[in-house]
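A.B. asks: build the 3D model from these lines:
(chains A and B, ligands or ions: 2)
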Amino acid sequence: MELRKNYFADQRKDDLHEIGQPRPRSDSPGHVTGKTAYFADRNFPGMLHLKMVRSPYHHARIRSIDTSEAEKHPGVVKILTAKDVPHNVYTILILIQIGPEDETVLADGKVRWKGEAVVAVLAETERAAQEAAAKVKVDYEVLPAVFDMQEALKPGAPIVNEYHGQNYYLYDSGECRKVRFGDVEAGFTSADHILEQSYQSSPIEHAPTETTGCVVVPEGNDRFTCYTNTQAMFFTLDNTSIILQMPGNKLHFVGGTVGGGFGGKVDVIVEPIAILGAKLTGRPVCFIYSREEEMQISSPRAAEKVVIKDGVMNDGRIVARKVTGYTDAGAYSRHSPYGAQKGAGHYPGPYTIPNVWIDTYCVYTNRTPSSAMRGFGVTIGDFALEVQMDKLARLIGMDPLEFRFINAYRDGDMKAHRQPTEGAALIECMQEASRAANWPVAEKYLAMSSYAKGA
Amino acid sequence: MAKVPVQFTLNGAEKAEFVDSGTTLLHALRDKIGDTSPKGGCHQGTCGACSVIIDGELRLSCLTLAETCNGAAITTTSGLSQGGVLHPLQRAFLDAFATQCGFCTPGMIMAAKVLLDQTPNPSRAEVVEALSGNICRCTGYEPIIQAVLTAARSNSQRAA
Ligand code: FES
Ligand code: FES
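C.D. replies: Numbers count the residues shown, from 1 in each chain, chains lettered A, B, ... in the order given. Ligands and ions are numbered 1, 2, ... in the order given. Below is the predicted model:
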């Protein structure tokens, strides 16, 4: 590792003892000896195994559920349906007042995506739970489904989620998150060139090596210990408390050791139903996703579509940018309204553009609910923006790196969402990148700095 | 379900258990015998997290039936360190930051151990090949490859 000390030298005291020093990770000794305790390394006598009966349809009404055959299967201890869940309709971001509650722990009357949890089977062995789950009979009336965001936004499209009533998340700003800065149309009128492009991405699965799950132990005093690989301990505890209508002090969550998460383990999915199973049976319960469930059921990164229209001058200045972003939440909100909102603030990119117009939509479709993943809401946007930057540079015959220097944000610049830029370091990063990649730029760009213009 | 007896040595110690016929070695080791160092990442032979050494050969314990291991000598990552001293591979993984979440680590170390036991001075290509059945999703392949090469060097220095 090399620490460059010539940048921002006046802002730094060179009395740091840890930064820049390699230090052993505190968890590595456990990893290399096989001693680190992941949730599934806990085994308790009498532990039951939970398996889900899942919807084979993307969108269907549930006419009836018949568990009688499954109940007779040897080893089955308990079968749970929607009516067993105290507060079945929830949404995780309700903890920060982002509603409405729009998702069921176990499907009630309807399924909205293929793979949705309908019935939970608890049995003495994993195999018995699996075999019994296959004997649960669910009578479905298949409904028309919508998989494409543009189709979902058309009038007359099948409504995916009645708790929203329309196929987009209704922000306090209306049907989308909006950023308005300067006069974008005047910017386009004054521009030498205009370039409009669409970018699109598919959902991406995190595929952690350890699948999602938890082990719950009833402590015999109305308290439950939940060993979990959630990435969001208190978020999960608080949501579980709401779903099970159980005070938080009855719930003891043990975790922090996660076999790969990448954002895929921040939804509250396995814990509430496993704790409910432990409560109703008085037995320890293990609910762990199979590899197939991890790949097919756990939330992926959202599919996104980004339409960018830029006005650019021959001298390299971007004078107007209009972005319409679409985030495919799938059937339920989870973290996606927040992801789409992040995009709205982010789309100008690290560039100072005087006239900006942004609309970002969080759209509901009958696809697997999407949620968090490493920089969700901005990562796909960055891909689109930087490809667009290259295309703009080519359009005006300019070096793509020099083009970015011209537009780079600097301290004191006002961003489109009205946050003044502070602590910018883009110019310095690009200067270093130009050297490291042996991609020379004109001297005047090497003389630039992120400090406020004129300062 | 009919139980079958299985008896083998695990990291040098005698073990005997009755298991359901069809029980995987992974399940027997983790849930019956209590050695949780082999991990279950897929239970279908695709991730390598459950790798163990049976009679000197690298095996996926999720695809090995416990009842086929009678009389075998089984080694897992939990048996590598002796008297609190880390095995050179464990030391190298630690020093090279070759673990992040650590879930793939025991399987990686097993695969690396079989390689070094059979090929004490492997080329980089041989290391890559030997680890090719083990998935790391925290994108630690480069540090892992370096750790194995470092362990090979420290082994050959000790041998010299
Ligand atoms: S658990 Fe055996 S290969 Fe994945
Ligand atoms: S360190 Fe996480 S899978 Fe390898």
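A.B. asks: verify the stated contact: A:S434 with A:A442.
C.D. replies: No. Applying Cβ atoms under 8 Å, one finds A:S434 not in contact with A:A442, separated by 10.2 Å. C-beta: built from backbone N, CA, C; applies to glycine.
A.B. asks: now A:A437: how far from ligand 2?
C.D. replies: 29 Å (Cβ to the nearest ligand atom, to the nearest Å).
A.B. asks: got any ranges where the stretch 51-200 of chain A has weak pLDDT?
C.D. replies: Across the stretch 51-200 of chain A, nothing is flagged by pLDDT under 70.
A.B. asks: A:P24 against B:R91, yeah?
C.D. replies: No. Contact criterion Cβ under 8 Å: A:P24 and B:R91 do not qualify, at 11.2 Å.
A.B. asks: neighbour-wise, which of those two wins?
C.D. replies: B:R91 (17 against 10; other Cβ atoms under 10 Å in any protein chain shown).
A.B. asks: which residues touch stretch A:187-205?
C.D. replies: A:264, A:294-295, A:298, A:300-314, A:319-320, A:322, A:328, A:354-355, A:367-368, A:370, A:373, A:380, A:383-384, A:387-388, A:391-392, A:395-396 (Cβ atoms under 8 Å, 6 or more residues apart in numbering or on different chains).
A.B. asks: filter these down to the ones in helices?
C.D. replies: Assignment to helices by DSSP state H places the following of these there: A:E294, A:M295, A:I380, A:F383, A:A384, A:V387, A:Q388, A:K391, A:L392, A:L395.
A.B. asks: tell me the residues of chain B that contact ligand 1?
C.D. replies: Neighbours of ligand 1 within chain B, by Cβ under 6 Å from any ligand atom: B:G40, B:G41, B:C42, B:H43, B:G45, B:T46, B:C47, B:G48, B:A49, B:C50, B:L60, B:C62.
A.B. asks: how about 5 Å then?
C.D. replies: Within reach of ligand 1 by Cβ under 5 Å from any ligand atom, chain B has these residues: B:G40, B:G41, B:C42, B:G45, B:C47, B:C50, B:L60, B:C62.
A.B. asks: quick one: residues contacting the second one.
C.D. replies: B:G41 makes contacts with A:T209, A:E210, A:T211, A:G259, A:R291, B:C47, B:G48, B:A49, B:C50, B:F103, B:C104, B:I135, as judged by Cβ under 8 Å, 6+ apart.
A.B. asks: nearest residue to the one residue in the stretch 1-150 of chain A that gets nearest to ligand 2 other than its sequence neighbours?
C.D. replies: Distances between the stretch 1-150 of chain A and ligand 2 by Cβ to the nearest ligand atom are smallest at A:H31, namely 7.5 Å. Excluding the flanking residues, the one nearest A:H31 by Cβ to Cβ, 6 or more residues apart in numbering or on different chains is B:G102, at 2.9 Å.
A.B. asks: what helix or strand is the one you found on?
C.D. replies: Here B:G102, judged by DSSP states H and E, is contained in no helix and no strand.
A.B. asks: for the residue nearest in space to the middle of chain B, phi and psi?
C.D. replies: By Cα atoms, centre = their mean, chain B has its centre lying nearest to B:M110, at 2.8 Å. The phi/psi pair for B:M110 (degrees, to the nearest 10) reads phi -60, psi -50.
A.B. asks: and A:F39, by the same measure?
C.D. replies: Dihedral angles (degrees, to the nearest 10) for A:F39: phi -60, psi -40.
A.B. asks: surely it is in contact with A:G256?
C.D. replies: No. Using Cβ under 8 Å, A:F39 is not in contact with A:G256; the gap is 10.2 Å.
A.B. asks: so the two - more neighbours on which side?
C.D. replies: For A:F39 versus A:G256, neighbours defined as other Cβ under 10 Å are more numerous around A:F39 (24 against 11).
A.B. asks: with adjacent residues omitted, what lies nearest to residue 144?
C.D. replies: Looking at chain A here, since you left the chain open. A:P158 (4.6 Å).
A.B. asks: to clarify, I was referring to chain B.
C.D. replies: With Cβ to Cβ, 6+ apart, the residue lying closest to B:I144 is B:A98, at 4.5 Å.
A.B. asks: gap between A:S449 and B:I33?
C.D. replies: Distance of A:S449 to B:I33, computed by Cβ to Cβ, to the nearest Å: 63 Å.
A.B. asks: more crowded one of those two?
C.D. replies: Counted by other Cβ under 10 Å, A:S449 and B:I33 do not tie: B:I33 has more neighbours, with 20 against 16.
A.B. asks: that one touches B:F8, doesn't it?
C.D. replies: No. The pair B:I33 and B:F8 fails to qualify as a contact (Cβ under 8 Å) at a distance of 9.7 Å.
A.B. asks: okay, and the common contacts of those two?
C.D. replies: Going by Cβ under 8 Å, 6+ apart, residues that sit against B:I33 and also against B:F8 are B:K15.
A.B. asks: what residues does stretch A:371-388 touch?
C.D. replies: Taking Cβ under 8 Å, 6+ apart as the rule, stretch A:371-388 contacts A:195, A:197, A:199, A:201, A:204, A:206, A:262-264, A:266-267, A:299-302, A:304, A:306, A:308, A:310, A:325, A:327, A:334-336, A:338-343, A:346-347, A:349.
A.B. asks: show me the domain layout of the chain.
C.D. replies: If you meant another chain, say so; for now it's chain A. Domain assignment of chain A by automatic domain parsing yields the ranges A:48-143+A:207-296, A:177-204+A:300-394.
A.B. asks: wrong chain, I was asking about chain B
C.D. replies: B:3-79, B:88-159.
A.B. asks: any chance of these in CSV, with mean pLDDT too?
C.D. replies: As requested, those are exported to CSV (pLDDT from 0 to 100):
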stretch, mean pLDDT
domain B:3-79, 97
domain B:88-159, 94
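A.B. asks: of all the ones you listed, which lies closest to A:Q166?
C.D. replies: domain B:88-159 (36.9 Å; Cβ to Cβ).
A.B. asks: can you give me how far that closest one is from the chain middle?
C.D. replies: Distance of domain B:88-159 from its chain centroid, counting by Cα atoms, centre = their mean, to the nearest Å, is 11 Å.
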